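Participant: coords below, sequence missing:
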């Protein structure tokens, strides 16, 4: 396909993944790349990206922003682990409906949606499942529940007029990560980081450039064929890791102490349940110290078979786990005033 003919809109384009997708599309030579987001983004504007400010819940604003666009990447979402259930559904479900409608109304032929593996992770975790795994009967948090609804909307929207794919990157990380790693560092600095479970649980990670690459591949495939339209795909760095070993290695590389405190999975889940109850009763606007959803993620396996995205879309990670760790540690060390990492730490 000719990216030089594409005029792309990215919802949530000022987010961590959205920026990576915009950067990847610019390198591909897309004739026009625009982002729809709530805040200013001078970094993207400087790179030649058009920034359109608006709320994903404003259907008219999004529809106008998508005029004359040929392709839509829908990344906007409320991705927190705690919050008002109504807001999660307003942003993640109604916002996705608005994205689909905007695509239809403007004759956009390709929609790539950012989903999450959490939409299919049951409370006991997942070990190597593929895309045939069903949605669970219940969820521990509003985020995965609302994203599951959004994913169904995108899948059911696939028609001859609109080809769609949802990509499920797991635990997106990398330089500039504003979510997972800063939270990890903050808790470690406060001495609040506690290993939950036996420390043997394996997880998938998705380096941000690898996740963006998967989205671009999906768009390229949809542009030339409807064979895989309506499908959902897991994606990761291609190599599962022991979660707690990975966390310790990251902290040590930053010059911090590894995790020493530990509790059983059962105790961690009970603590999280009590924290949630406390917040609902006494601090409804605050965030619990830990949630059941987070405790489950920290205690159990959650890794997936990515052979489908490799087979159907030709995905292979563009950045190795080793380089990803070196670059990420260096970025966070510089941000924290620690300078560049040494070759011995980099490996």
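Facilitator: Nice, thanks for sending it over. Not measured: the values here are computed from a predicted model.
Participant: contacting residues around the spatially closest residue to residue 207 that is not a sequence neighbour?
Facilitator: In this structure, residue 207 finds its nearest non-sequential neighbour in residue 324, 4.2 Å apart by CB to CB, 6 or more residues apart in numbering. Bear in mind the C-beta positions are built from the backbone N, C-alpha and C, glycine included. Residues near residue 324 by CB atoms under 8 Å, 6 or more residues apart in numbering: 173, 174, 207, 209, 210, 237.
Participant: Now name the helix or strand holding residue 324.
Facilitator: In the assignment (DSSP states H and E), residue 324 maps to helix 321-335.
Participant: ditto for residue 132
Facilitator: Remark: residue 132 resides in no helix or strand, with elements defined by DSSP H and E.
Participant: For the remainder of this discussion, apply numbering that starts at 50.
Facilitator: Done: numbering now begins at 50, and the last item shifts to residue 181.
Participant: Correct me if wrong: residue 254 contacts residue 218.
Facilitator: No - using CB atoms under 8 Å, residue 254 is not in contact with residue 218; the gap is 9.2 Å.
Participant: Identify the contacts common to the two.
Facilitator: residue 285.
Participant: is it true that residue 97 lies in a helix?
Facilitator: No - assessed with DSSP: H, G, I helix; E, B strand; the rest coil, residue 97 is coil; it does not lie in a helix.
Participant: Contacts only, for the spatially closest residue to it that is not a sequence neighbour.
Facilitator: Excluding the flanking residues, the one nearest residue 97 by CB to CB, 6+ apart is residue 75, at 6.5 Å. Residue 75 sits next to 82, 96, 97, 98 when contact means CB under 8 Å, 6+ apart.
Participant: I'd guessed residue 85 sits against residue 59; true?
Facilitator: Yes - at 7.1 Å, residue 85 counts as touching residue 59 under the criterion of CB under 8 Å.
Participant: I'd like the contacts of residue 373 as a markdown table, with neighbour count, pLDDT and secondary structure appended.
Facilitator: Listed next are these as a markdown table, based on neighbours: other CB atoms under 10 Å; pLDDT from 0 to 100; DSSP: H, G, I helix; E, B strand; the rest coil:
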| residue | neighbour count | pLDDT | secondary structure |
| --- | --- | --- | --- |
| 222 | 25 | 98 | strand |
| 223 | 24 | 98 | coil |
| 256 | 29 | 98 | strand |
| 258 | 22 | 98 | helix |
| 259 | 26 | 98 | helix |
| 286 | 23 | 98 | coil |
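Participant: for the stretch 250-396 of the chain, what are the low-confidence residue spans?
Facilitator: Across the stretch 250-396 of the chain, the ranges flagged by pLDDT under 70 are 387-396.
Participant: Spell out the residue ranges of the strands in it.
Facilitator: 251-252, 255-256, 280-284, 290-291, 311-312, 351-353 (DSSP state E, counting those that start in this stretch).
Participant: List the contacts of the longest one.
Facilitator: Contacting residues not belonging to strand 280-284 are listed as 164, 166, 179-180, 200, 204, 214-219, 253, 255, 259-260, 263, 267, 353-355, 357-358, 361-362, 364 [CB under 8 Å, 6+ apart].
Participant: Buried ones only from those residues, please, as a PyMOL command.
Facilitator: Buried residues among the contacts of strand 280-284 (16 or more other CB atoms under 10 Å), as a PyMOL selection:
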select buried, resi 164+166+180+200+204+214+215+216+217+218+219+253+255+259+260+263+267+353+354+355+357+358+361+362+364
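Participant: if you look at the contacts of strand 280-284, which of them are in helices?
Facilitator: Among the contacts of strand 280-284, DSSP state H puts 200, 204, 259, 260, 263, 267, 357, 358, 361, 362 in helices.
Participant: and which of those is nearest residue 378?
Facilitator: Within the ones in helices among the contacts of strand 280-284, the smallest distance to residue 378 is 17.0 Å, found for residue 259 (CB to CB).
Participant: my read: the closest one touches residue 372, true?
Facilitator: No - using CB under 8 Å as the test, residue 259 is too far from residue 372 to be in contact (10.8 Å).
Participant: Show me the helices in the stretch 200-349 of the chain, by range?
Facilitator: Counting by DSSP state H, counting those that start in this stretch, the stretch 200-349 of the chain has helices at residues 229-238, 257-273, 292-302, 314-331, 341-348.
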